[in-house]
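# the following comprises the amino acid sequence and a computationally predicted model.
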Protein chains: 2
Amino acid sequence: MSKPVIAIDMGGTKIKAGIVQQGIIHSSLSIDADSGNGLRQRLPHLQEAIESLLNQEGLSTAEIAGLGIASPGIVDSIQKKILSIDKKFGDAPGIDLEEWCLKTFNIPFCIENDARSSLWGEWKYGKAKNYDNAAIITLGTGVGSAAIIGGKLLKGKHFTAGILGGHSVINYNGRICNCGNKGCVETEASTWNVETIAKSDINFAESPLTHAPVIDYELVFRLAAEGDQVALRIREQSVKAWSACAINLIHAYDPEILLFTGGIMASSTQIIPFIRQHIEKHAWTPWGTVHIEEGVFPGTAALLGIAHLTEHS
Amino acid sequence: MSKPVIAIDMGGTKIKAGIVQQGIIHSSLSIDADSGNGLRQRLPHLQEAIESLLNQEGLSTAEIAGLGIASPGIVDSIQKKILSIDKKFGDAPGIDLEEWCLKTFNIPFCIENDARSSLWGEWKYGKAKNYDNAAIITLGTGVGSAAIIGGKLLKGKHFTAGILGGHSVINYNGRICNCGNKGCVETEASTWNVETIAKSDINFAESPLTHAPVIDYELVFRLAAEGDQVALRIREQSVKAWSACAINLIHAYDPEILLFTGGIMASSTQIIPFIRQHIEKHAWTPWGTVHIEEGVFPGTAALLGIAHLTEHS
């Protein structure tokens, strides 16, 4: 059996770290991402977390095959650098993470985009296992995506292919996105923008959302289920926007299966059936219907995927 | 030198046929497509056209290496069948074109989607020559697209990858498209829909467009240049829609160059500079800027591309 690896998933809210071996997460823990203050200040805390995981498992770094990071943004997996990152961890492109890994742990380093890692995890161990043509939409702080075509992870010359599904234009007369584009899926429906969307509703003042300290999708879906009109409208707009995103990925990459994953999937019963129906009705797939499924590892697909990529790099 | 081939470009208005050899079109002619009445009734006329081309060149079919068709719609280039076609040539999926080719000319047969053929032509002989990562948008009756990634034509498992850029959603609250989807690029801006778009303008009755026997983009761009307000609004909406389409292709496929081709490129000076500016401002390409260019073979890229594919099949 090959050695375990250290897998890290750099989320916008939490950074997860785990000791993973051939698809098994032996142990894991999370630290606050505090991503608004950048990644550099997190590295000592991350080191500490990893060391405590190693202690817990009774492992020395000599018994570890490598360390892999699943990161948001555009990642050059060959030069092992974060090229560009949207808002969160703004200082990351200037940090030599491979050097940090070698200096701190003296083990091989691997890095890939987080949505690509999630799809890879679901492809190797989860829901996409039997499909050589698959795509994923990750609904977290933003909206991520990735595609596998003919058994290969789509990357493109500048490492942007597949991962910008959340920045496909679905409303060409819409608002400017964080990324500088207009009418992206993320501006129409994502955690980072849901508060702005809620506040722009004409009946916002009469909704229980007004009194919430934080407006997130957990709350929106809960209030929508209770019948709040504002929450219902946000839910409708959001699910429509994610359906359009799904169509754009299906039309772009020709997958057999399209997975949804990420924190918002906690409300999947209010999302997946609608998207399935939308795809059945509106996608141009004369060969049949794309399977629309929830990933089986909503919290750990990226860890499993980056661990596999690290084990085989 | 290898033998010449017969190349056919099945357009919605005209069917072009040519004798082509290694990037040189020795001779060509067009017949009316009459596509609303289907493809089957056109085959005798097409045969006649090809025979007259062969006579003209003093060639017998024994001296021809093969016959290739660039077709709109979803094309299975392995089984050599048209799988699905949107409106034009509605009967084509039921016709065994390979059998027709063998019975009529007794030479090898090849078929590919027309936008893929155009990109292949521009990649082998034209503007995309030095780029292994390229995409195309064809503005004809509809809006076609194709992509080359890492030197390979993107096809996908069911032959839909790359070619449905005109059916990416850019207005998710928009109208139903011919294809059954909602808010496609084609519904917002294409030749088949421009009359409907014009008639929905609030000032249509006061525009010279009202008196036109046919409303097409040639007229719209001419009247826009003359300052007609309705034509100006259609032009603005159309160029914005094609810009959004360009962003979606750039974000999906990570090309170095994106070409525009097709009949509407006769008005390219009113289109390309705007799209170039839009891409510079809004595309998320931290590595630099995608080249936005007009193809060098606006009328013949598909013929050249399908000829090359036929020569090498």
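Arrived safely, thanks for sending.

# dihedrals phi and psi, the residue of the stretch 1-150 of chain A found nearest chain B?
As assessed by C-beta to the nearest C-beta, chain B sits closest to A:S84 within the stretch 1-150 of chain A, at 3.8 Å. Backbone N, C-alpha and C define where each C-beta goes, glycine included. With angles defined as degrees, to the nearest 10, A:S84 sits at phi -160, psi 140.

# now do the contacts for the residue nearest to it when sequence neighbours are not counted.
Leaving aside its sequence neighbours, A:S84 sits nearest to B:P286 (C-beta to C-beta, 6 or more residues apart in numbering or on different chains; 3.8 Å). By C-beta atoms under 8 Å, 6 or more residues apart in numbering or on different chains, the residues touching B:P286 are A:I74, A:L83, A:S84, A:H158.

# in helices, which of those fall?
Among the contacts of B:P286, no member falls in helices (criterion: DSSP state H).

# are any of those buried, and if so which?
A:I74, A:L83, A:S84, A:H158 (16 or more other C-beta atoms under 10 Å in any protein chain shown).

# sorry, back to before: the residue of the stretch 1-150 of chain A closest to chain B against A:A92, yeah?
No: if you go by C-beta atoms under 8 Å, A:S84 and A:A92 don't touch, sitting 9.2 Å apart.

# for the stretch 1-150 of chain A, which segments are assigned as strands?
Per DSSP state E, counting those that start in this stretch, the stretch 1-150 of chain A carries strands over the ranges A:5-10, A:14-21, A:24-32, A:67-71, A:74-76, A:81-84, A:109-113, A:134-139, A:143-149.

# mean confidence score for the second one?
In other words, strand A:14-21. For strand A:14-21, mean pLDDT rounds to 97.

# where along chain A do the helices fall?
Taking DSSP H as the criterion, chain A carries its helices at A:43-57, A:97-105, A:114-125, A:185-188, A:194-199, A:217-225, A:229-253, A:272-282, A:301-311.

# and A:E294, how far from chain B?
22 Å (C-beta to the nearest C-beta, to the nearest Å).

# I'd say that residue and A:Q270 touch.
No: with contacts counted by C-beta under 8 Å, A:E294 stays clear of A:Q270, the gap being 12.0 Å.

# and these two? Which one has more around it.
It is A:Q270, of A:E294 and A:Q270, that has more neighbours when counted by other C-beta atoms under 10 Å in any protein chain shown, with 18 against 14.

# of the helices of chain A, which is nearest B:S168?
B:S168 lies closest, by C-beta to C-beta, to one member of those: helix A:229-253, at 5.0 Å.

# shared neighbours, A:S84 and A:A92?
Shared contacts of A:S84 and A:A92 (C-beta under 8 Å, 6+ apart): A:G73.

# measure how far stretch A:225-233 is from the centre of its chain, please.
Centre-to-centre, stretch A:225-233 and its host chain are 26 Å apart (C-alpha atoms, centre = their mean, to the nearest Å).

# buried stuff in that stretch?
For stretch A:225-233, the neighbour count (16+ other C-beta under 10 Å) marks A:D228, A:V230, A:A231, A:L232, A:R233 as buried.

# and stretch A:130-143, by the same measure?
Per 16+ other C-beta under 10 Å, stretch A:130-143 contains these buried residues: A:Y131, A:N133, A:A134, A:A135, A:I136, A:I137, A:T138, A:L139, A:G140, A:T141, A:G142, A:V143.

# and what of stretch A:170-190?
A:170-174, A:177-179, A:181-190.

# same thing with stretch A:26-45?
So for stretch A:26-45, counting by 16+ other C-beta under 10 Å, buried means A:S28, A:A33, A:S35, A:G38, A:L39, A:R42.

# for the residue nearest to A:H26 when sequence neighbours are not counted, what are its contacts?
Excluding the flanking residues, the one nearest A:H26 by C-beta to C-beta, 6+ apart is A:I19, at 4.5 Å. A:I19 makes contact with A:4-7, A:25-28, A:53-54, A:57, A:59, A:64, according to C-beta under 8 Å, 6+ apart.

# ok now do the closest residue to chain B within the stretch 201-313 of chain A, which residues does it touch?
Taking C-beta to the nearest C-beta as the measure, the stretch 201-313 of chain A has A:D254 as its residue closest to chain B, at 2.8 Å. Counting by C-beta under 8 Å, 6+ apart, A:D254 makes contact with A:N133, A:I149, B:K155, B:G156, B:K157, B:H158, B:F159, B:T160, B:A161.

# just give me the closest of these to B:W100.
For those, the nearest to B:W100 is B:F159 (20.3 Å; C-beta to C-beta).

# wouldn't that closest one be in contact with B:Q79 here?
No: counting by C-beta under 8 Å, B:F159 does not reach B:Q79; the two are 9.4 Å apart.

# for those two, indicate the residue with more neighbours.
B:F159 (24 against 10).

# for that one, give me phi and psi.
Residue torsions, per degrees, to the nearest 10, at B:F159 are phi 70, psi 20.
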